[in-house]
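Chemist: fold the following.
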Amino acid sequence: MKIYSWNVNGIRAVLKKGTFQKFLADHQPDILCLQETKAERDQVVIEVPGYHEFWNSAVKKGYSGTAVFSRQEPLAVVNGFPHQLASRYAFADELERDSSQEGRVIAAEFRDFFVVTVYTPNAKDDLSRIPLRHKAWDPAFLAYCAELERRKPVVFCGDLNVAHTELDLANPGPNRGKKGFTDEEREGFQNFLNAGFVDTFRKFRQGNGYYTWWSHFANSRARNVGWRIDYVLVSKSLSARVKDAQIHPDVMGSDHCPVSIQLQLPA
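Modeler: Below is the predicted model of the structure:
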């Protein structure tokens, strides 16, 4: 099974460019998780034959949002955090925007595992969303994945808006302490690993130079001056079934590129 994740930075934009259709034809994912769709389903002119579609759009129009496309119909799909879990956390930021209303999470249940896609809130240039990330979002998302994992293994993927280590961005020195590379955000990611989840890409490839997001400035993508902030993590019990994990920088259309795993399913 091929599971892909891609922050499209506007589904309507990549459709207009024709890059989404080409990506689907070239890669033919079995499950595709999207982030930053920036649209509701009825705003998108798209036909994806052979796939079941699930969308979670933000209350605010044209902002955030996630989607899941799957060849196999899930047993169940849940948008956002379950109320009982969400009630334990304060998701409002300094402007009283409620990030739990921004269409950032979808969980799809299949026979052997859950697939969860996430678009983690950006800390902002002034780091104003660090308290939200550190005290609410990251702990809540980890608690949710752990809750699901008690039922069956979990694959979670998406734009986590953090570079975990210095190997995950081209210029760690000048970016230390800035959004995406603060101690708090990195700790939030490390907590996923401490809980037993596996960063699938690092199973197969070490070192730097592997990035999933590039700034629009200074020809960053062509020079590969980027950040690895898009991930696929799996429960430890699934790790041996992950036969490959890749980053696809050749797929254009967004400032992010897709990431993927190949998962061997039991008979």
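Chemist: off-centre distance for the helix or strand residue 131 falls within?
Modeler: Residue 131 belongs to helix 130-132 when elements are defined using DSSP states H and E. Computed by C-alpha atoms, centre = their mean, to the nearest Å, the chain-centroid distance of helix 130-132 equals 19 Å.
Chemist: cool, and stretch 196-213?
Modeler: A distance of 14 Å separates the C-alpha centroid of stretch 196-213 from that of its chain, computed with C-alpha atoms, centre = their mean.
Chemist: what does stretch 257-265 rub up against?
Modeler: Residues from elsewhere that reach stretch 257-265, judged by C-beta atoms under 8 Å, 6 or more residues apart in numbering: 1-6, 23, 27, 29, 112, 155, 157, 200-201, 212-213, 230-232, 234, 238, 241-251. (Each C-beta comes from the backbone N, C-alpha and C, glycine too.)
Chemist: start and end of that stretch, how far apart?
Modeler: Distance between the boundary residues of stretch 257-265 (C-alpha to C-alpha, to the nearest Å) amounts to 25 Å.
Chemist: stretch 187-201 now?
Modeler: Taking C-alpha to C-alpha, stretch 187-201 runs 19 Å from one end to the other.
Chemist: let me know the average pLDDT across that stretch.
Modeler: The pLDDT scores in stretch 187-201 average 98.
Chemist: swap in stretch 1-14?
Modeler: Taken as a whole, stretch 1-14 has a mean pLDDT of 97.
Chemist: any low-confidence regions in the stretch 1-150 of the chain?
Modeler: Under the criterion pLDDT under 70, the flagged ranges of the stretch 1-150 of the chain are 92-100.
Chemist: at 50 what do you get?
Modeler: Within the stretch 1-150 of the chain, the ranges that satisfy pLDDT under 50 run 94-96.
Chemist: if we can go back for a sec, and the helix or strand just after the helix holding residue 131, what other elements does it pack with?
Modeler: If you walk from helix 130-132 toward the C-terminus, the next helix or strand you reach (DSSP H and E) is helix 138-149. The criterion is 3 or more C-beta pairs under 8 Å, 6 or more residues apart in numbering; DSSP states H and E, and the helices and strands that helix 138-149 contacts are helix 83-86, strand 105-109, strand 114-119, strand 154-159, helix 183-194.
Chemist: mind checking which of those is nearest residue 57?
Modeler: The closest of the helices and strands packed on helix 138-149 to residue 57 is strand 105-109. By C-beta to C-beta, the value is 10.6 Å.
Chemist: thinking again about what came up before, now the buried members of the contacts of stretch 257-265.
Modeler: Applying 16 or more other C-beta atoms under 10 Å to the contacts of stretch 257-265, the neighbour count classes 1-6, 23, 27, 29, 155, 157, 200-201, 212-213, 230-232, 234, 238, 241-242, 245-249, 251 as buried.
Chemist: just those residues: which are in strands?
Modeler: Here DSSP state E is the test, and those give 2-6, 155, 157, 213, 230-232, 234, 242, 245-247 as lying in strands.
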